[in-house]
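Colleague: please find the sequence and the predicted model below.
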Amino acid sequence: RDFNARSYRRACEAAGKKLDNMGGVDAAFYLTELNVKGRDDFGWQVKQALLTVEDVFYRFEACRGPDHEKHSRKLARLIFQVPRRSDLPAAERGVDEGVATANGVKFAKDLGNMPGNICTPTYLAEQAVALSERQSAVKTNVLEEADMEALGMGALLGVSRGSRQPAKLIVMEYMNGPKNAKPIVLVGKGVTFDAGGISLKP
């Protein structure tokens, strides 16, 4: 009765850590059959299991030296148990959403872990443009300092003048939502370097 969403994720995390330590090639994941309090969507359980395992498996090794021995992982396939054939559509939806979300989370983590001398505003802008080139539904527009000056964005430009790196304002649009849905706007700040030694990235 007390096995809630948090307990489920913790169980999946423990299983993921054990799986990572064992180094198996194929694995079957049966925790998706558990009854989770307040959750009757099988797709949610598959998605959360996938996201939790991906989080356990995440390693940032892009900036390691040439002598660093990368974390080897043999797992090639992870099978999520589906108790009933009628649960297959929900499970497939959970896998699709989980993979897409996990890829986005990994991308954000990689950017956040990049040091400030690599992940500059220009680098962030390049990554945003590259993402829109891979995903046709995403449109990216990058405003340069001259564009921001013309728009009267003095507060942002005042902060960026403390750095040799030029500021970038990145606008990304995804317009493939339901036609009658209200727009959702997310406004974020990606400070790639601060004189006080604080590195804040998305």
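Modeller: That came through fine.
Colleague: pull the longest helix from this protein.
Modeller: helix 88-113 (DSSP state H).
Colleague: and whichever helix or strand comes after that one, what's buried?
Modeller: Next along the chain after helix 88-113, taking DSSP states H and E as the criterion, comes helix 121-134. The neighbour-count check on helix 121-134 (16 or more other C-beta atoms under 10 Å) flags Pro121, Tyr123, Leu124, Ala125, Gln127, Ala128, Ser132 as buried. Any C-beta I mention is one placed from the backbone N, CA and C, and that applies to glycine too.
Colleague: do stretch 36-56 as well
Modeller: Neighbour-count burial for stretch 36-56 flags 36, 42-56 (criterion: 16+ other C-beta under 10 Å).
Colleague: circling back: the longest helix of the chain to helix 121-134, inter-axis angle?
Modeller: Per axes from the mean of the first three to the mean of the last three C-alpha atoms, to 10 degrees, the angle that helix 88-113 makes with helix 121-134 is 160 degrees.
Colleague: re earlier: could the buried residues of helix 121-134 go into a markdown table alongside pLDDT and distance to Gly190?
Modeller: Below are the buried residues of helix 121-134 laid out as a markdown table (pLDDT from 0 to 100; distance: C-beta to C-beta, whole Å):
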| residue | pLDDT | distance to Gly190 |
| --- | --- | --- |
| Pro121 | 90 | 7 |
| Tyr123 | 93 | 10 |
| Leu124 | 92 | 6 |
| Ala125 | 94 | 10 |
| Gln127 | 94 | 11 |
| Ala128 | 94 | 10 |
| Ser132 | 94 | 16 |
